[in-house]
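# I would like the atomic coordinates for the input below:
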Amino acid sequence: MSSGSALEVKEQVRQAIDIVDLVGSVVQLRRQGRNYVGLCPWHDDTRPSLQVNPERQSFKCWVCDIGGDVFSFIMKTEGVEFREALEMLADRAGIALRPARRQPGSSPGGTHEKRTLYQAMAWAEQQYHDCLLHAPEAEPARHYLAQRKITSESIARFHLGFAPERRSWLLPRAADTPYNAKTLDTIGLVVRPSTGVGLYDRFKGRLLFPIRDTQGRPVGLGGRVLPESGSTSPAKYVNTPETPLFSKSNLLYGLDLAREAVRRGGAALVMEGYTDVIAAHQYGFGDAVAVLGTALGEGQIRILKRFADRIVLVLDADEAGQRRANEVLELFVAQQVDLQILTLPEETDPCDFLHEYGAEAFADLVENKAVDALDHAFAAATRGLDFEHDVNGVDRAMERLLSVIARAPRLSAGTDAQQQSREWKLLSNLALRFRVPEDTMRNRLSELRRRSARRPAARPGEAPDAKAASKRPERIEPTERELLELLIAHPECFPAGRSQIDPQWITAESSRRIYRTCCRLLDAGITPSFDRLMLEFDQPAIKSLLVELDEGGRAKGTRDADPEALLRELIKTVQRKEAERQRPAQLVALREGRLDDSQETELLEKIIRQERSRQGISEPTDE
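Down below sits the predicted model:
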């Protein structure tokens, strides 16, 4: 770790990382007053629920009920523990850390460290890129790229690479690095054969397209067999398998480079091939991305919706392209997305079309030939139907389209009005096209949904969602919450509160930990401010609670109130509640005669005073 205490290092990292930039690398943010808001990356709600406070360097999702600072965000997004989050952010900030003490039996390249996996993938990507640029055996790959009119600038920008046609090329090169065979196996670069011995390179003999996450970190590879290689592999393309870094259903090729263009233009062009994306960027379409060998899926749409208002799916004219178009139609409804489909002229893909006809012709296609997904669905379902005579065929087509809508999430009373009107417009549109009453369309949709909703009932005594129930946050009494909100907003008041409120009186464990930490800091002569408390804790749940208390106090106007007067009232309430909690045990002690005369007298006087105070009765005087 860098010089200084652990707290000093955390503070250095926290100050070096702007949380708006960090969160903005994952989701699209827009300014709203003093804060930023955006879609949450951890749930499917289409309303902006993620709030980022640049002044406090904190975030909060009010739907997930998750908040925290830069460390919490990385821990949640990457699925890592605090130490790994600290290391990732330190790397990003250029801050050197002392190596952590390793667990017995672990190695520098141990697969338990996600940071090591990211570093290993970046190292391998560079090895393959250097090979493409300089190795004589990469000449066929360079020739293929020249044929496809991929420029040297694009080769550098997309960091293309080449894996030589050798059984084991990468592993020997890793001998002098921290990345052992187990690490390379974990990130999918080498393969352990089911028979025989020895690992071999997964991508040998292939042109490589590095796949990066939205933060620009290499997480996987797409490998293409060269046409003249004579390879007997049945797969033209091979992607990295599922690894701790790589999940093809949640990644899009080129999104790290396209993200800003998508944000500015509000639309994303989704293509099928890696070279299609590269060609599109060369011709000025910087908002182009590609799926990873499969149809556009829900996870990818969720990611795109963080940055884009509209998605244009660009498909080849061949049969496979049309089949993939039909596969994604239900996403139009289920994901509440503005999805359009552009089918290219026959015998072309985006790369060929751009090279042959140019950027202007392609832009004209996107602008004028991309059709709404519902229009495409209706055209596909009714192609060749005789609406006047083929009644059964028309009914079947209507049933297919209604089944797509029925698979969408059910609308509820709290559903956004825009989403509700979207479904109503869909049904009105289909009723008009199929020439049936709107009520008939709605009744049929309800019937389809009732049929799909039949599921096995929960076992007797079992909660509908026991797992969700187990994750409910700890309940904090309103008075204790208000007390902590006040002390976080006005830490200068803490000495007065601390002198009259014992930490044991705080009932919720998480609240008590925060209060005890405030006491410890005060004893050390340190003001227990919000920023300092965020550095004191590594646990995401505590950080989330601190953000919630800070935001809650601000929303209630705690900062603008008279803090000393509020504190006096809260102290009285906390003391009264504590007295009420102790009362049953005190009465038992009195009844059972476990106290001597002086203790009994003192306790009775205390109970009388508390009861007078509770009822607002003043103490008697001698007059």
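# shaky segments in the stretch 201-350 of the chain?
Within the stretch 201-350 of the chain, the stretches falling below the threshold (pLDDT under 70) are 229-234, 317-336.
# can you rerun that using 80?
Along the stretch 201-350 of the chain, the parts satisfying pLDDT under 80 run over 228-235, 293-295, 316-337, 346-347.
# element containing residue 342?
Using DSSP states H and E, residue 342 falls within strand 338-343.
# and that strand, what does it pack onto?
strand 310-315, helix 319-327, strand 371-372, helix 373-382 (3 or more C-beta pairs under 8 Å, 6 or more residues apart in numbering; DSSP states H and E). All C-beta spots, glycine's among them, are computed from the backbone N, C-alpha and C.
# swap the cut-off to 6 Å and go again
The criterion is 3 or more C-beta pairs under 6 Å, 6 or more residues apart in numbering; DSSP states H and E, and the helices and strands that strand 338-343 contacts are strand 310-315, helix 373-382.
# which neighbouring elements make contact with the longest one?
Packed against helix 373-382 by the contact rule (3+ C-beta pairs under 6 Å, 6+ apart) you find helix 329-334, strand 338-343, helix 391-406.
# please repeat the previous calculation with a cut-off of 10 Å.
Under the contact criterion of 3 or more C-beta pairs under 10 Å, 6 or more residues apart in numbering; DSSP states H and E, helix 373-382 touches strand 310-315, helix 319-327, helix 329-334, strand 338-343, strand 371-372, helix 391-406, helix 417-434.
# just to revisit the earlier point, following element in sequence after the strand holding residue 342, please.
helix 350-357.
# look up how far residue 518 lies from the spatially closest residue to residue 514 that is not a sequence neighbour.
Taking C-beta to C-beta, 6 or more residues apart in numbering, and ignoring the residues beside it in sequence, residue 514 has residue 484 as its nearest neighbour in space, at 6.2 Å. Distance of residue 484 to residue 518, computed by C-beta to C-beta, to the nearest Å: 9 Å.
# do residue 71 as well
20 Å.
# now swap in residue 57 and tell me
20 Å.
# could you do residue 80 as well?
Distance from residue 80 to residue 518, by C-beta to C-beta: 28 Å.
# and if you look at residue 179?
44 Å.
# buried ones in the helix or strand where residue 209 lies?
Taking DSSP H and E as the criterion, the element that holds residue 209 is strand 206-212. Neighbour-count burial for strand 206-212 flags 206, 207, 208, 209, 210, 211, 212 (criterion: 16 or more other C-beta atoms under 10 Å).
# which of those residues sit farthest apart?
206 and 212 (18.0 Å; C-beta to C-beta).
# angle of the strand holding residue 342 against helix 350-357?
60 degrees (axes from the mean of the first three to the mean of the last three C-alpha atoms, to 10 degrees).
# give the pairing partners of strand 338-343; include direction for each.
Using DSSP bridges, the strands paired with strand 338-343 in its sheet are strand 310-315 (parallel), strand 371-372 (antiparallel).
# right, so of those strands, which gets closest to residue 364?
Going by C-beta to C-beta, the one of these nearest residue 364 is strand 310-315, 13.2 Å.
# give me the distance from that closest one to the chain's centre.
23 Å (C-alpha atoms, centre = their mean, to the nearest Å).
# okay, angle between that strand and helix 373-382 too, please.
40 degrees.
# helix or strand right after the helix or strand of the chain with the lowest mean pLDDT?
Ranking every helix and strand in the chain by mean pLDDT, DSSP states H and E puts helix 466-470 at the bottom, with a mean of 37. Per DSSP H and E, the first helix or strand lying C-terminal to helix 466-470 is helix 478-489.
# how about that next one: buried residues?
Residues of helix 478-489 classed as buried: 480, 481, 482, 483, 484, 485, 486, 487, 488, 489 (neighbour count, 16+ other C-beta under 10 Å).
# past it, which element shows up next along the chain?
Next along from helix 478-489, by DSSP H and E: helix 494-498.
# show me what counts as buried in that next one.
Buried, per 16+ other C-beta under 10 Å, within helix 494-498: 494, 497, 498.
# same check, this time on stretch 436-455
441, 442, 444, 445, 448.
# for stretch 256-263, output the C-alpha coordinates as PDB.
Presented in PDB, the C-alpha positions along stretch 256-263 are these (Å, rounded to 0.1, in the frame of the first residue of the first chain):
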ATOM      1  CA  ASP A 256     -16.600   1.200 -24.700                       C
ATOM      2  CA  LEU A 257     -15.800   3.300 -27.800                       C
ATOM      3  CA  ALA A 258     -19.400   4.000 -28.800                       C
ATOM      4  CA  ARG A 259     -20.700   5.000 -25.500                       C
ATOM      5  CA  GLU A 260     -20.200   8.800 -25.800                       C
ATOM      6  CA  ALA A 261     -21.600   8.900 -29.400                       C
ATOM      7  CA  VAL A 262     -24.600   6.900 -28.300                       C
ATOM      8  CA  ARG A 263     -25.200   9.300 -25.400                       C
END
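# pLDDT weak spots in the stretch 451-600 of the chain?
451-475, 554-561, 575, 577-600.
# ok so, going back, pick the most deeply packed of the strands paired with strand 338-343.
strand 310-315 (a mean of 23; mean count of other C-beta atoms under 10 Å).
# for residue 73, grab the count of nearby residues.
As a burial measure, residue 73 scores 26 neighbours (other C-beta atoms under 10 Å).
# I'd guessed it sits against residue 40; true?
No - look at residue 73 against residue 40 with C-beta atoms under 10 Å: they stay out of range, at 11.3 Å.
# find residues that contact each of the two.
50, 59, 66 (C-beta atoms under 10 Å, 6 or more residues apart in numbering).
# what about the residue nearest to the last one when sequence neighbours are not counted, how many neighbours?
In space, not counting the residues next to it along the chain, residue 66 is nearest to residue 544; the distance is 5.5 Å by C-beta to C-beta, 6+ apart. Neighbour count for residue 544, taken as other C-beta under 10 Å: 25.
# got it, and residue 138?
19.
# coming back round to it: okay, and the common contacts of residue 484 and residue 518?
With C-beta under 10 Å, 6+ apart as the test, residue 484 and residue 518 both reach residue 497.
# about what we covered before: for the buried residues of helix 494-498, give me JSON lines that also has distance to residue 14.
Putting those into JSON lines (distance: C-beta to C-beta, whole Å) gives the following:
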{"residue": "494", "distance to residue 14": "22"}
{"residue": "497", "distance to residue 14": "27"}
{"residue": "498", "distance to residue 14": "26"}
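# and which of these is nearest to residue 568?
For these, the nearest to residue 568 is residue 497 (9.7 Å; C-beta to C-beta).
# returning to what we had before: how about the strands paired with strand 338-343 in TSV, adding distance to residue 10?
Shown next, in TSV, are the strands paired with strand 338-343 (distance: least, C-beta to C-beta, whole Å):
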stretch	distance to residue 10
strand 310-315	39
strand 371-372	50
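# out of those strands, the one nearest residue 30 is which?
strand 310-315 (16.4 Å).
# quick one: contacts for residue 151?
Counting by C-beta under 10 Å, 6+ apart, residue 151 has contacts 145, 157, 278, 279, 282.
# quick check: the last one touching residue 153?
Yes - the pair residue 282 / residue 153 is scored as a contact, 8.1 Å apart, by C-beta under 10 Å.
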